[in-house]
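# 3D, please:
(one chain, ligands or ions: 2)
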Amino acid sequence: MDLTSFHRRSIDDREGFWAEQARLIHWHKPFGKVLDYSKPPFARWFVGGETNLCFNAIDRHLPTQADLPALIFVSTETGEERTYTFAQLHQEVMRMAAIMLEQGVGRGDRVLIYMPMIPEAAFAMYACARIGAIHSVVFGGFASHSLASRIDDASPKLIVSADGGSRAGKVVPYKPLLDEAIRLAAHKPAKVLLVDRKLAAMDLVSGRDLDYASQREKHRDAQVPVTWLESNEVSYTLYTSGTTGKPKGVQRDVGGYAVALAASMKYIFCGNPGETYFSSSDIGWVVGHSYIIYAPLIAGMATIVYEGTPLRPDAGILWKLVEQYKVTVMFSAPTAIRVLKKQDPAFLTKYDTSSLRALFLAGEPLDEPTARWISEGLGRPIIDNYWQTETGWPILTVAHGVEKTPTRFGSPGMPMYGYDVRLLHEGTGEEVGVNEKGVVAIAPPLPPGCMQTVWGDDERFVSTYFTSVPGKMVYSTFDWGIRDEDGYYFILGRTDDVINVAGHRLGTREIEESISSHSSVAECAVVGVADQLKGQVAMAFVVLKDPAQASTPETRMALEGEIMRTVDKQLGGVARPSRVHFVTLLPKTRSGKVVRRAIQALCERRDAGDLTTLEDPSALEQVRQAVGG
Ligand code: ATP
Ligand code: MG
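Residues are numbered from 1 along each chain as shown. Ligands and ions are numbered 1, 2, ... in the order given. Now for the predicted structure:
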């Protein structure tokens, strides 16, 4: 079938379409109604059906592939490398589940997971899913006050953590951060379960803190049956990345999520049982939830849990893992590829990556030059995919399990089945035509797998996402996009990031794309800065592949001129940045997204706002110095 008809059917016959997809997972009890949409915009999928995410990820495969790899742990930080078969993973998860049960954690209780990328983090997530507890993963190493606010929001009975993590060879002790966060939080968890990796000092608080190793020993032979959950019970809560402001607490269901992930493995990622999936993301992000923890295993694949960066021990490490574990499907982020772009391209061909069917990239716009660089360097297909924490799985991409639609550099592709995507005029809310810019919106109901609501705040769910077009209930992505005559979409940036230069509306992304086409540029960020004459002007911050190229005022000026002329030529004078500043680092969230709002604030001498999810604050310092703030 072609993708267009496949998509059409998913919208015209939602219930028939999804009832069919629901067969991809195991149901303990069949559902009654496929979709209950009696209270828009709240959608309830597979009503009355009973299932379990952990069962679908692990137990279901025991009869056929108990001794095949399920979880492969690689840490280039500590040098550890271990493989768990489905049978071994099953046992570890039951041990973890037994520990939780003994501490009084049950169905509907929250467990906050503040962990490095180690197998025990995955065990904890599966264990929660197994017993019906709701996990809330917070990126390991987050600052105490951000962690404290998440503790208060989730009010967990139990926190699972570790002595520390390691990043680029530097140990990050978690325990002091956690203790401080619990001190700051109004809610106090009854128990804290700690994995001692012997990386950092760890003083146990008596009566509260439990040592994982001894608890595990105690429950070595535990048998913990699966708790069957109604499809619409809550599986987890997770915060968005916080790129545009205060992060939002996304709540997700059980059955709809399992079906959506299973379907995405079939139609989009095309992974088969017995193969290996490698996502270089982190469990602190939605990609980690969907495409490290749940989807690969639901599809019967092994998943790689990787603690490390793309650069250590050298820039070939990701491809070395592909070769070593015969990875067939890989998921990474444009930011990781831009990091590699500053390294010797010979690393891309040093290892045999021929097992790789495709490399999927998501999280930020994948500019054409970067897409071309990695695609040509690696010689493997690159598939951009566009989605959000809110949706849990891709909105726009290509679905090679349906039809071999060609990909186009710079475009994440087309609307996926289940998503009724519209491009709306910002002012009127009317649909825009071909090659006209608009807000990317989705006509509800949202498909299975998407957020149910904002955790604990239905009102905020509606007012945040469904009220941006007056008089129309549509879900806004707050991204700005365009569709060409062949139906390919292009994301032009966040609606917040649209620049208005003398009446011309420009997406920052368009200008960034143009700047990136200059051969010296590794990555860049463009923001709109208030200007008395023109309303706004574009200002660019550029990281060079080789910083030495702009080490003197003369070379800097020459390069700035060259970059401006590149933009002039491609987009015209209105898009030309008023200044091009050279920095060695861009301010990013820990999930690798450029925080343009903070750059913009500094350029306009304003307060930079909520920076709790920032990776490295020194990047902002460079921006401040560049603009003389
Ligand atoms: P917050 O909502 O808290 O400000 P965030 O939007 O960065 O943070 P995520 O849910 O992690 O949080 O990111 C989703 C956003 O990332 C999308 O709305 C879009 O702006 C961007 N994005 C993701 N994938 C792509 C892609 N393939 N192309 C372009 N943009 C993308
Ligand atoms: Mg967002």
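
# CA only for contacts and neighbour counts going forward, please
Noted.

# just checking, Y257 is part of a helix?
Yes: looking at Y257 with DSSP: H, G, I helix; E, B strand; the rest coil, it is inside a helix.

# That one touches M451, doesn't it?
No: if you go by Cα atoms under 8 Å, Y257 and M451 don't touch, sitting 9.1 Å apart.

# between those two, what contacts are shared?
Residues touching both Y257 and M451 (Cα atoms under 8 Å, 6 or more residues apart in numbering) are G392.

# Close to ligand 1: what parts of the protein are there?
240-245, 247-248, 362-366, 384-389, 412, 477, 479, 491, 494 (Cα under 6 Å from any ligand atom).

# So which of these sit within strands?
Those of those mapping onto strands are 384, 477, 479, 491, 494, per DSSP state E.

# Just give the closest residue to the last one, not the sequence neighbours.
This means R494. Of all residues not flanking R494 in the chain, D479 sits nearest, at 4.2 Å (Cα to Cα, 6 or more residues apart in numbering).

# for the fourth one, same thing?
Nearest in space to I491, with sequence neighbours left out and distances taken as Cα to Cα, 6+ apart, is G481 at 4.3 Å.

# Next, count neighbours for that neighbour.
Neighbours of G481 under the rule other Cα atoms under 10 Å: 24.

# Tell me the secondary structure at it.
strand.

# Settle this for me: it is touching L492, isn't it.
Yes: counting by Cα under 8 Å, G481 sits close enough to L492 to count as a contact (5.0 Å).

# which is the next helix or strand following the longest helix along the chain?
Ranked by residue count and defined by DSSP state H, the top helix of the chain is helix 553-571. Next in sequence after helix 553-571, counting helices and strands by DSSP states H and E, comes strand 579-583.

# partners of the closest residue to M414 other than its chain neighbours in the sheet?
Take M414 and drop its neighbours on the chain: the residue closest to it by Cα to Cα, 6+ apart is L396, 4.9 Å away. Residues in a beta bridge with L396, per DSSP bridges, are Y386, P415.

# Spit out the contact partners of the residue of the stretch 1-150 of the chain found nearest ligand 1.
Residue nearest to ligand 1 within the stretch 1-150 of the chain (Cα to the nearest ligand atom): F139, separated by 12.3 Å. By Cα under 8 Å, 6+ apart, the residues touching F139 are 114-116, 282-285.

# Please pick the buried ones from the residues you listed.
114-116, 282-285 (16 or more other Cα atoms under 10 Å).

# Of those, just say which sits nearest to A598.
Nearest to A598 out of these is W285 (Cα to Cα; 20.9 Å).

# and the closest one, how far is that from G573?
39 Å (Cα to Cα, to the nearest Å).

# what's the span of stretch 575-593, first residue to last?
22 Å.

# Please apply the same query to stretch 341-356.
By Cα to Cα, the extent of stretch 341-356 from end to end equals 20 Å.

# And that stretch, what's buried?
Neighbour-count burial for stretch 341-356 flags 341-343, 345, 347-348, 351-353, 355-356 (criterion: 16+ other Cα under 10 Å).

# Mind checking which of those residues land in helices?
Residues of the buried residues of stretch 341-356 located in helices (DSSP H): K341.
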